[in-house]
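Peer 1: Pasted the sequence and its predicted model underneath.
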Amino acid sequence: MNRALRLHQHLVARPDLTNTQRQAAMLALGEDFFAAGLLDRAESVFNELLKNYPKNTAACVPLRRIYEQLHEWEQAFALTECSVTDKDERKRLMCHYLCEQVEDDLSKAQLFQADERLKQALGIYPQSARVQVLLAELALARGDRALALKCFRQALTYDQHLLASLVKRLLTIFTRPTELQQLYNVVSTEYRRSPDAKLLPFLAAIAQEVGQGESLMPLLHQHLQRDVGNVQSLACAARYLSEEAQPEAKTALDELSLALGRLAGTMPRFQCTQCGYKLHDYVWRCPACHHWDTVQGQ
Ligand SMILES: [Zn+2]
């Protein structure tokens, strides 16, 4: 145990402290435990501080961070009121805490519970893309594919960046011809509106499924001539080019496409815009800096 921690423990135990001094010492002690990774001890110090001095809301912020780390979402939710001053930020966090619980409900097939919490989350933060994604997952769990597709589309109108993280899942769920055509319309409209290299391989995959591979050729040429691109989009372009190439060039393009595909498989697809942490899968909260909604496709 470090020196500051011992000092603060000693200080808190002294009987001659004023109320203000005791609160400051307890807060410092809690922070020490937290910094040392002793979350349950930090939790009990902060809770004692709040119990003895309910008006001292300084303990609410670190206590909420502890509950986030412990995945105690109900307790984190209860502390948003006293720990977050910005109204919009508070609603966004409350919504995430509910959504975390909904994911847990869905994994246990507690659909009624998930439904109730999603209604609550919608009431708090109606424009949440995450709520729409979970409404879609709930609809899928209930076998309502049309509603699920509608909710996924609604999620994308709230946050178009989500498409890069959702498209892989969408392709595994919506495999029926009419659904694929709708997916193609969504991704294609989005790509034409704002050409994003991350979407190109998925657009190509869906285009082939719905028999519109040909229509993609001009977009691929445009991409190669004009955009920065990424490994996945270049692998996709090489694969397409090999289809219209002469036999001798075709073999080389196939090899290039496979090599780029292997390289793409080793590269993280997502990155936190706050701290730069890279990940293979999308998450709502960065595991490194603990910020919410900062992970994006790269
Ligand atoms: Zn981060």
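Peer 2: That came through, no problem.
Peer 1: Could you use CA atoms for every contact and neighbour count after this?
Peer 2: Fine.
Peer 1: Please settle this for me: is residue 132 part of a helix?
Peer 2: Yes - judged by DSSP: H, G, I helix; E, B strand; the rest coil, residue 132 forms part of a helix.
Peer 1: where's it relative to the ion, distance?
Peer 2: Distance, residue 132 to the ion, using CA to the ion, to the nearest Å: 24 Å.
Peer 1: can I assume that residue is in contact with residue 150?
Peer 2: No - if you go by CA atoms under 8 Å, residue 132 and residue 150 don't touch, sitting 9.0 Å apart.
Peer 1: So for the two, which sits in the more crowded spot?
Peer 2: residue 132 (23 against 15; other CA atoms under 10 Å).
Peer 1: pLDDT at residue 237, what is it?
Peer 2: pLDDT recorded at residue 237 is 86.
Peer 1: contacting residues for it?
Peer 2: Neighbour list for residue 237: 220-221, 224, 257 [criterion: CA atoms under 8 Å, 6 or more residues apart in numbering].
Peer 1: tell me the SS of it?
Peer 2: With three-state DSSP as the criterion, residue 237 reads helix.
Peer 1: what does residue 118 give?
Peer 2: What three-state DSSP gives for residue 118 is helix.
Peer 1: which residues does it contact?
Peer 2: 98-99, 102, 131, 134-135.
Peer 1: at 7 Å instead, please
Peer 2: By CA atoms under 7 Å, 6 or more residues apart in numbering, the contact set of residue 118 is residue 131.
Peer 1: Show the model's pLDDT score for residue 25.
Peer 2: So residue 25 comes in at 87 (pLDDT).
Peer 1: what does residue 125 give?
Peer 2: On the pLDDT scale, residue 125 is placed at 96.
Peer 1: doesn't residue 97 make contact with it?
Peer 2: No - counting by CA atoms under 7 Å, residue 125 stays clear of residue 97, with 11.8 Å between them.
Peer 1: Compare the two (neighbour count), which wins?
Peer 2: Neighbours were counted for residue 125 and for residue 97 using other CA under 10 Å; residue 97 has more, 22 against 18.
Peer 1: and the nearest residue to the more buried one once chain neighbours are set aside, how far is that from residue 170?
Peer 2: Spatial nearest neighbour of residue 97, chain neighbours left out: residue 73 (5.3 Å); criterion: CA to CA, 6 or more residues apart in numbering. Separation of residue 73 from residue 170 (CA to CA, to the nearest Å): 28 Å.
Peer 1: ok, now residue 119?
Peer 2: According to CA to CA, residue 119 and residue 170 sit 23 Å apart.
Peer 1: Give me every residue in the stretch 151-298 of the chain lying close to the ion.
Peer 2: Within the stretch 151-298 of the chain, the positions adjacent to the ion are 272, 274-275, 286, 289 by CA under 5 Å from the ion.
Peer 1: Among those residues, name the buried ones.
Peer 2: Among these, those buried by neighbour count (16 or more other CA atoms under 10 Å) are 272, 286.
Peer 1: among the residues of the stretch 151-298 of the chain next to the ion, which are in helices?
Peer 2: If you go by DSSP state H, these have nothing in helices.
Peer 1: and the lowest-mean-pLDDT helix or strand in the chain, what does it pack onto?
Peer 2: Between all helices and strands in the chain, the lowest mean by mean pLDDT, DSSP states H and E belongs to helix 3-13, at a mean of 77. Secondary-structure packing of helix 3-13 (3 or more CA pairs under 7 Å, 6 or more residues apart in numbering; DSSP states H and E): helix 19-35.
Peer 1: What are the buried residues along the helix it packs on?
Peer 2: In helix 19-35, counting by 16+ other CA under 10 Å, buried: 22-34.
Peer 1: will you turn those into JSON lines that also has distance to residue 110?
Peer 2: Formatted as JSON lines, the buried residues of helix 19-35 follow (distance: CA to CA, whole Å):
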{"residue": "22", "distance to residue 110": "45"}
{"residue": "23", "distance to residue 110": "42"}
{"residue": "24", "distance to residue 110": "43"}
{"residue": "25", "distance to residue 110": "44"}
{"residue": "26", "distance to residue 110": "40"}
{"residue": "27", "distance to residue 110": "39"}
{"residue": "28", "distance to residue 110": "41"}
{"residue": "29", "distance to residue 110": "40"}
{"residue": "30", "distance to residue 110": "36"}
{"residue": "31", "distance to residue 110": "37"}
{"residue": "32", "distance to residue 110": "39"}
{"residue": "33", "distance to residue 110": "36"}
{"residue": "34", "distance to residue 110": "34"}
